[in-house]
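Enquirer: this is a predicted model, with the sequence first.
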Amino acid sequence: MESITYHGISMGEKLYSLRMVKRMSQEQLAAILGVSPAAVSKWERDLSKPSIEMLWALADLFACSIDELVGRTQIQVEKIGIYDEAKLRLAVIGEDLLQCSEISRAQGLLAVESCISGFKGGSRFLAFAIPYALDLFMKQLGPDEIFSFLGNYAAALPEEERAEGKMIVSALRKIFSGESTEIVRELIASFIGMEYREKNAGKMREVMQYTREEILEQYQGKKCYSKQTDLLEEFAGLGDYEIRLILRNTDNMTLTAAMAGASGKVVKAFLSNLSERMLYFIHEDMIQWSGMEEDIVEAQKKVLELGRLCLRETEKDRNTVPKKLSEMTLEELWQLFPIFLVEHDERWKLWYNEECQRIYDFLTNHITDVKISHIGSTAIDHIWAKPIIDILVEIPLTEDIRKVKDVISQNGYLCMSENEKKISFNKGYTENGFEEKVFHLHLRYLGDNDEVYFRDYLNEHPAIAKEYEKLKLSLWKTYEHDRDGYTEAKREFVSEYTKKAREKYKGRYL
């Protein structure tokens, strides 16, 4: 089957790596989403794609955009241990505020506006807040009014910018009141978190003077710390996908120590897959790192073990050959083909008509009299149903049902169960799950057609049909992986209204 891709990028790898970040199995993800593990497996192997509703659910679960999920944007790693992109953004904006504080104390408050062009944090609110506050200051408004107004603007920011807005308002108020840079620094740290308090502000600012390319170039030609710290050299040639998989499962302290002792090739391979701000912080940590050789070796062993595990899991998932349906246990079949219901789809009638004609054509080459009917819930108007077209094929008692079975089997149907009077087939079941169009064919002798009466009764009694729909929906999750239990739980209802239908429509289908 052709791989499902978006803008040339396979979606399966993206979903796999995001699942690995959460350390979730396919079964666990399937349980959260309410789908079968087989569905998750098919998504990750690019054999099918999730619905748009399921894409939203996946994006929410993995805290990413749908564009990132389907590969329309390049995903650089934005979280390593305690570091994540949102806090790193605050930290870089904090550096801009500290620069404002230093210039204000050295050159006066009006000189702060000259800082804006050199800001690294990219905060549009900070670029607005400084000239706005200075303008009101020159108009001789008091600090309470100025920062009350700014606070209102900050509260009106999009949700993802409100944290920085609140920090900016508080820090600028301290700067305008003439507080020392150390006090401003403590205030900023309180907004970002205690993990960031000990960051060396002077060194961080020095690091941020370099471009991404210049930082990576600093590692060109870097040698391993010692012969004992070359454990990661086998990873130098890995692709970006595999590197990101490892990064997403490594904490910042382990990564820093491991990279401190690795060669330049390995360091560049890993750091080039970090987001801009993440690169600055990890690079700064590496500059300040002062551990021993044994610390490097221990960290590299952790990365090596994790990397080999991730890569084994990747290869295992990619290379797994699904069992043949005939080799699966009943429980495995139920897991692969769960009960699931969807709203009524008008296409079902079209699919039935097309398949009915096909069946009629190949059967009438062998038997002279055949009756074909659309049965099951897809034949009942306006109710939720399993998206499986049930087809009843009735043949005369004079026909040999075994010979008819052979004809049907030769035309794309798989026999699932049989006895002397009934044979069931399916079509659209594969080792990777359901195809788009799925059919159940029920071969019977003429007159064995309770389902046709039940169909007619519910179509002519919409209120009863809705009761049936309500019953099915109530049983869905309980019996999702137990088809026999699901059928048995409906038996009393079906029997009651089949009996009524037989009485009401006596002689309709002879």
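Expert: Everything's here; your move.
Enquirer: what about the nearest residue to L33 once chain neighbours are set aside, how many residues close to it?
Expert: Of all residues beyond its chain neighbours, the one nearest L33 is A57 (5.9 Å), with distances taken as CB to CB, 6 or more residues apart in numbering. C-betas here are computed from N, CA, C, even on glycine. A57 has 15 neighbours, counted by other CB atoms under 10 Å.
Enquirer: gap between A57 and L350?
Expert: A57 sits 29 Å away from L350, going by CB to CB, to the nearest Å.
Enquirer: F493 too?
Expert: Distance, F493 to L350, using CB to CB: 28 Å.
Enquirer: roughly how far is stretch 113-123 from the heart of the chain?
Expert: 36 Å (CA atoms, centre = their mean, to the nearest Å).
Enquirer: now stretch 267-280
Expert: On CA atoms, centre = their mean, the centre of stretch 267-280 falls 24 Å from that of its chain.
Enquirer: ends of it, what's the gap?
Expert: 14 Å (CA to CA, to the nearest Å).
Enquirer: longest strand of this structure?
Expert: Of all the segments of type strand in the chain, defined by DSSP state E, the longest one is strand 433-445.
Enquirer: list the helices and strands that one packs on?
Expert: The contact analysis (3 or more CB pairs under 8 Å, 6 or more residues apart in numbering; DSSP states H and E) places strand 433-445 against helix 37-44, helix 347-363, strand 389-395, helix 401-409, strand 423-430.
Enquirer: mind checking how far the residue nearest to M328 when sequence neighbours are not counted is from A30?
Expert: Spatial nearest neighbour of M328, chain neighbours left out: L336 (7.0 Å); criterion: CB to CB, 6+ apart. Applying CB to CB, the value for L336 to A30 is 11 Å.
Enquirer: and S290, what element?
Expert: Under DSSP states H and E, no helix or strand contains S290.
Enquirer: how close does E233 get to A262?
Expert: 8 Å.
Enquirer: in the longest strand of the chain, what's buried?
Expert: G433, F434, V438, F439, H440, L441, H442, L443, R444, Y445 (16 or more other CB atoms under 10 Å).
Enquirer: report the distance from that strand to the chain centre.
Expert: Once both centres are worked out by CA atoms, centre = their mean, strand 433-445 turns out to sit 31 Å from its chain's centre.
Enquirer: each with direction, which strands does that strand pair with?
Expert: Strand pairing for strand 433-445, determined by DSSP bridges: strand 389-395 (parallel), strand 423-430 (antiparallel).
Enquirer: doesn't V35 make contact with the residue nearest to L33?
Expert: No. A57 is beyond contact range of V35, at 9.6 Å (criterion: CB atoms under 8 Å).
Enquirer: about what we covered before: shared neighbours, L336 and A30?
Expert: With CB atoms under 8 Å, 6 or more residues apart in numbering applied, the overlap between the contact sets of L336 and A30 consists of S36.
Enquirer: the helices and strands packed on strand 433-445: lowest mean pLDDT?
Expert: Mean pLDDT is lowest for helix 37-44 among these, at a mean of 77.
Enquirer: hmm, who's touching that helix?
Expert: Contact with helix 37-44 is made by 11-13, 15-16, 19, 26-27, 29-30, 33, 48-50, 317, 335-337, 432-433, as judged by CB under 8 Å, 6+ apart.
Enquirer: which parts of whichever helix or strand comes after that helix are buried?
Expert: Sequence order places helix 52-61 as the next helix or strand after helix 37-44, per DSSP H and E. Neighbour-count burial for helix 52-61 flags L55, L58, A59, L61 (criterion: 16+ other CB under 10 Å).
Enquirer: one step back: show me what secondary structure element comes after the longest strand of the chain.
Expert: Following strand 433-445 in sequence order, the next helix or strand is helix 450-460 (DSSP H and E).
Enquirer: ok and the next helix or strand after that following helix relative to helix 450-460, angle-wise?
Expert: With elements assigned by DSSP H and E, the helix or strand that comes after helix 450-460 is helix 462-476. Using axes from the mean of the first three to the mean of the last three CA atoms, to 10 degrees, the inter-axis angle of helix 462-476 relative to helix 450-460 is 120 degrees.
Enquirer: tell me what helix 462-476 is packed against?
Expert: helix 450-460, helix 483-504.
Enquirer: can I get the ones you listed in JSON lines with mean pLDDT?
Expert: Output for these, formatted as JSON lines (pLDDT from 0 to 100):
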{"stretch": "helix 450-460", "mean pLDDT": "97"}
{"stretch": "helix 483-504", "mean pLDDT": "95"}
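Enquirer: quick one, phi/psi of the nearest residue to G291 once chain neighbours are set aside?
Expert: Excluding its sequence neighbours, the residue lying closest to G291 (CB to CB, 6+ apart) is A257, at 5.7 Å. Here is the backbone geometry of A257 (degrees, to the nearest 10): phi -60, psi -40.
Enquirer: ok, K227 next?
Expert: Phi and psi for K227, reported as degrees, to the nearest 10, are phi -60, psi -30.
Enquirer: same question, the one 10 residues further on
Expert: Here is the backbone geometry of G237 (degrees, to the nearest 10): phi -100, psi 10.
Enquirer: what's near enough to touch it?
Expert: Contact analysis of G237 by CB under 8 Å, 6+ apart lists A269.
Enquirer: for it, give me the pLDDT.
Expert: pLDDT recorded at G237 is 81.
Enquirer: one more: the one 5 residues further on?
Expert: If you check E242, the pLDDT there is 76.
Enquirer: which stretches of this structure form strands?
Expert: 5-6, 9-10, 79-80, 83-84, 371-375, 389-395, 414-418, 423-430, 433-445.
Enquirer: how about these in JSON lines, adding distance to A127?
Expert: Output for those, formatted as JSON lines (distance: least, CB to CB, whole Å):
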{"stretch": "strand 5-6", "distance to A127": "35"}
{"stretch": "strand 9-10", "distance to A127": "34"}
{"stretch": "strand 79-80", "distance to A127": "27"}
{"stretch": "strand 83-84", "distance to A127": "24"}
{"stretch": "strand 371-375", "distance to A127": "65"}
{"stretch": "strand 389-395", "distance to A127": "61"}
{"stretch": "strand 414-418", "distance to A127": "66"}
{"stretch": "strand 423-430", "distance to A127": "56"}
{"stretch": "strand 433-445", "distance to A127": "51"}
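Enquirer: the ones you listed: which one's closest to P462?
Expert: strand 371-375 (17.9 Å; CB to CB).
Enquirer: what does the longest strand of the chain rub up against?
Expert: Against strand 433-445 from outside (CB under 8 Å, 6+ apart): 36, 38-39, 41-42, 48, 336-337, 351, 355, 359, 375-376, 387-397, 401, 404-405, 408, 413, 421-429, 451.
Enquirer: same thing but at 6 Å, please
Expert: Strand 433-445 is contacted from outside by 38, 42, 336, 351, 355, 388-394, 397, 413, 422-428, using CB atoms under 6 Å, 6 or more residues apart in numbering.
Enquirer: next one: stretch 181-189
Expert: Residues outside stretch 181-189 that contact it (CB under 6 Å, 6+ apart) are G94, S101, E102, S170, A171, K174, R197.
Enquirer: I'm done for today, thanks for sticking with me.
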